[in-house]
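Engineer: how would this look folded up:
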Amino acid sequence: MNSNIDTVGKKIRQIREAVGLSRPKFADLLGVPPTTLKNYELGYREVGGAFLVALAHHPELHKFTLWLLADKKVAEIGQIGPDDLVKG
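Structural biologist: As a prediction, this is how the structure comes out:
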């Protein structure tokens with residue numbers, strides 16, 4: 001298992017859990033089968049570019065893009081991490 005793949009998958013799961021969606025609902029929201037999302041989250045499969053673009057363009061999820069891809073947050077421009085959403 002590639003650690004970069006594993007890290008991105010774990011971050012996707014953190015986002016999904018922070019927004020309070022089940023795996024099937026989150027997968028449907030982003031247009032992938034639930035099994036594909038499971039493979040991403042568990043690091044069994046590399047996250048596809050189309051999935052990342054869909055997440056980045058989704059009106060409820062784009063705020064996590066910078067954190068997901070670069071591990072950075074800039075609240076002033078609306079880029080947060082899942083822990084910021086949970087805290088309020």
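Engineer: going forward, measure contacts and count neighbours with C-alpha atoms only.
Structural biologist: Will do.
Engineer: need phi/psi at Gln79.
Structural biologist: phi -100, psi 110 (degrees, to the nearest 10).
Engineer: my read: it touches Trp67, true?
Structural biologist: Yes: the criterion here is CA atoms under 8 Å, and Gln79 meets it with Trp67 at 7.1 Å.
Engineer: which neighbours do these two have in common?
Structural biologist: Lys73 (CA atoms under 8 Å, 6 or more residues apart in numbering).
Engineer: low-confidence bits of this protein, can you list those?
Structural biologist: Confidence mapping of the chain against pLDDT under 70 gives the ranges 1-3, 5, 86-88.
Engineer: so which residues of it form helices?
Structural biologist: 3-18, 23-30, 34-41, 49-57, 65-70, 82-87 (DSSP state H).
Engineer: counting by contacts, list what the fourth one packs against.
Structural biologist: By that I understand helix 49-57. When contacts are defined as 3 or more CA pairs under 8 Å, 6 or more residues apart in numbering; DSSP states H and E, helix 49-57 packs onto helix 23-30.
Engineer: ok, and for the helix it packs on, which residues are buried?
Structural biologist: Within helix 23-30, the residues that count as buried by 16 or more other CA atoms under 10 Å are Arg23, Phe26, Ala27, Leu30.
Engineer: which strands and helices sit next to that helix?
Structural biologist: Short answer (3+ CA pairs under 8 Å, 6+ apart): helix 23-30 packs on helix 34-41, helix 49-57.
Engineer: repeat the analysis, applying 10 Å as the threshold.
Structural biologist: helix 3-18, helix 34-41, helix 49-57 (3 or more CA pairs under 10 Å, 6 or more residues apart in numbering; DSSP states H and E).
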